[in-house]
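In: predicted model follows, preceded by the sequence.
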Amino acid sequence: MLKGIKKIFSDQASQSESKIVVPAGDLSRVKNEKGYFKDAPETLRGSELSLLVLRPIITEKSTSLETEGKYVFEVLPKSTKQEVKKAIEKFYSVKVNSVRMINTHGKVRKVGRHEGRVSGKRKAIVTINKEQKIDLTI
């Protein structure tokens, strides 16, 4: 199957010099100008957007930011600002003005004489219009 994909790339490469996309199920690949292969960008569906935002972070500092129209969420480590913006707009029905991302480092924890590490987190600070509200109560 890979031989067929390489043949398609070589045939299309001679026809045009721009990016070439070959849809082949999960093997969608992009060939750039230099001839290197890279993964094609994926678009997320609605069900996958719900997996990006893990939970709202409710602390004293985050609740004080709510008066300014800023809300803090824990998100997946590989999520981008654009994906978080789409997810918040879809599930909370608000207009997002900006998204800021924070990567927190994991901490070292000791239990007896053993040492371990807690994994880091990624937070998103989402700014919405002051007229709109997000209800984070359970």
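Out: On my side now, so go ahead. Numbering: from 1, shown residues only.
In: pull the helix or strand with minimum mean pLDDT from this structure.
Out: Of all helical and strand segments in the chain, the minimum by mean pLDDT, DSSP states H and E falls on strand 20-22, at a mean of 41.
In: now do the helices in the protein.
Out: 2-15, 46-49, 60-65, 81-92 (DSSP state H).
In: kindly report the domain assignment for the protein.
Out: Domains of the chain are assigned by automatic domain parsing as 2-39, 46-128.
In: mean pLDDT lowest where, among the ones you listed?
Out: Here the domains of the chain differ in mean pLDDT, and the lowest is domain 2-39 at a mean of 47.
In: distance of Val118 from Met101?
Out: Separation of Val118 from Met101 (C-beta to C-beta, to the nearest Å) stands at 20 Å. (Each C-beta comes from the backbone N, C-alpha and C, glycine too.)
In: same question, Thr137
Out: 25 Å.
In: quick one: which of these two has more around it?
Out: Counted by other C-beta atoms under 10 Å, Thr137 and Met101 do not tie: Met101 has more neighbours, with 13 against 4.
In: contacting residues around Ile125?
Out: Listed by C-beta atoms under 8 Å, 6 or more residues apart in numbering, the contact set of Ile125 reads Leu65, Lys70, Tyr71, Val72, Val99, Arg100, Met101, Ile102.
In: any idea what the residue nearest to the second one when sequence neighbours are not counted is bridged to?
Out: What that stands for is Lys70. Distances taken as C-beta to C-beta, 6 or more residues apart in numbering place Thr127 nearest to Lys70, at 5.1 Å, with adjacent residues excluded. Beta bridges link Thr127 to Lys70, Ser98 when assigned by DSSP bridges.
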